[in-house]
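Peer 1: Take a look and give me a structure for this.
(one chain, ligands or ions: 1)
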Amino acid sequence: MLIGNPPVELPAPPLASGPLLLREWAESDVGSLVDACSDPLTARYTSVPIPYTPEDARRFISFGRSPTALPLAVVSADDDSQLLGAVGLHAVSLTRRRTEIGYWTAPWARSQGVAQAALELLSGWALGPLGLERLDLYVEPENESSQRVAQRAGYKRGALVRSGIALRGRRYDVLRFTRLR
Ligand SMILES: CC(C)(COP(=O)(O)OP(=O)(O)OC[C@H]1O[C@@H](n2cnc3c(N)ncnc32)[C@H](O)[C@@H]1OP(=O)(O)O)[C@@H](O)C(=O)NCCC(=O)NCCS
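Peer 2: Okay, here's the model as predicted:
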């Protein structure tokens, strides 16, 4: 049995594609993070606290990154103070060569291809330079927009996972989408 799990490092240089850049979260993101996470759709489909306070944002920025989690801000490449969304790896295992991946787009940046581009960018890096072989993401059956994002980014729909995620104390069935190297 493999034990021990080396920490996942930041992509270097930072990942960028066209108008998007993925960077580490910074204290200066607190205001826009609160605005984005106060959106009802983000609250419904992700695990952000409701209501989402500046203190929640500071805690996420300070402690969101861990040896097995790589949360990244999706920002404008022209102005990296302009927050567009979030994409991140969770439960990364470099020894098992797999991870989970999640994303949201700020309400003011939706329907412009942000989620798809950010997901493609981070997935390509995870399956390339990071050396992983399997990426999983979980989407509720009714979240059809997110399912289309996943499929356009090269993920294949898999099984329905009963009670697969817990959001604020309630469990939900989710579809697993997988991309292999
Ligand atoms: C689901 C979610 C991430 C999609 O983010 P997004 O950045 O708007 O996604 P995209 O822009 O890549 O795709 C969304 C739509 O925009 C369209 N689109 C993409 N590029 C476009 C462009 N340049 N111009 C106009 N429309 C465009 C896509 O065709 C897509 O349409 P569809 O949903 O009918 O298939 C976003 O709605 C969200 O944050 N939801 C709440 C949180 C959430 O559900 N997270 C995922 C949990 S699994």
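Peer 1: C-alpha only now, for contacts and for neighbours.
Peer 2: Will do.
Peer 1: number of nearby residues for residue 44?
Peer 2: 13 (other Cα atoms under 10 Å).
Peer 1: host element of it?
Peer 2: In the assignment (DSSP states H and E), residue 44 maps to helix 40-45.
Peer 1: tell me what the helix or strand just after that helix is packed against?
Peer 2: Toward the C-terminus, helix 40-45 is succeeded by helix 54-63 as the next helix or strand (DSSP H and E). When contacts are defined as 3 or more Cα pairs under 8 Å, 6 or more residues apart in numbering; DSSP states H and E, helix 54-63 packs onto helix 30-37.
Peer 1: The helix holding residue 44 near the ligand at all?
Peer 2: Yes - remark: helix 40-45 sits within contact range of the ligand at 41, 42, 45, by Cα under 6 Å from any ligand atom.
Peer 1: Same question for stretch 101-111.
Peer 2: Yes - Stretch 101-111 comes into contact with the ligand (Cα under 6 Å from any ligand atom), by way of 103, 104, 105, 110, 111.
Peer 1: Count residues in the vicinity of the fourth one, would you?
Peer 2: A count of neighbours around residue 110, defined by other Cα under 10 Å, yields 13.
Peer 1: before we move on, what about the last one?
Peer 2: A total of 11 residues lie near residue 111 under the criterion other Cα under 10 Å.
Peer 1: in the helix holding residue 44, what counts as buried?
Peer 2: Neighbour-count burial for helix 40-45 flags 42, 43 (criterion: 16 or more other Cα atoms under 10 Å).
Peer 1: That helix packs against which elements?
Peer 2: By 3+ Cα pairs under 8 Å, 6+ apart, helix 40-45 packs against no helix or strand.
Peer 1: what's next to that helix, contact-wise?
Peer 2: 36, 37, 48, 49, 50, 104, 140, 143 (Cα atoms under 8 Å, 6 or more residues apart in numbering).
Peer 1: So for that helix, mean pLDDT?
Peer 2: For helix 40-45, mean pLDDT rounds to 96.
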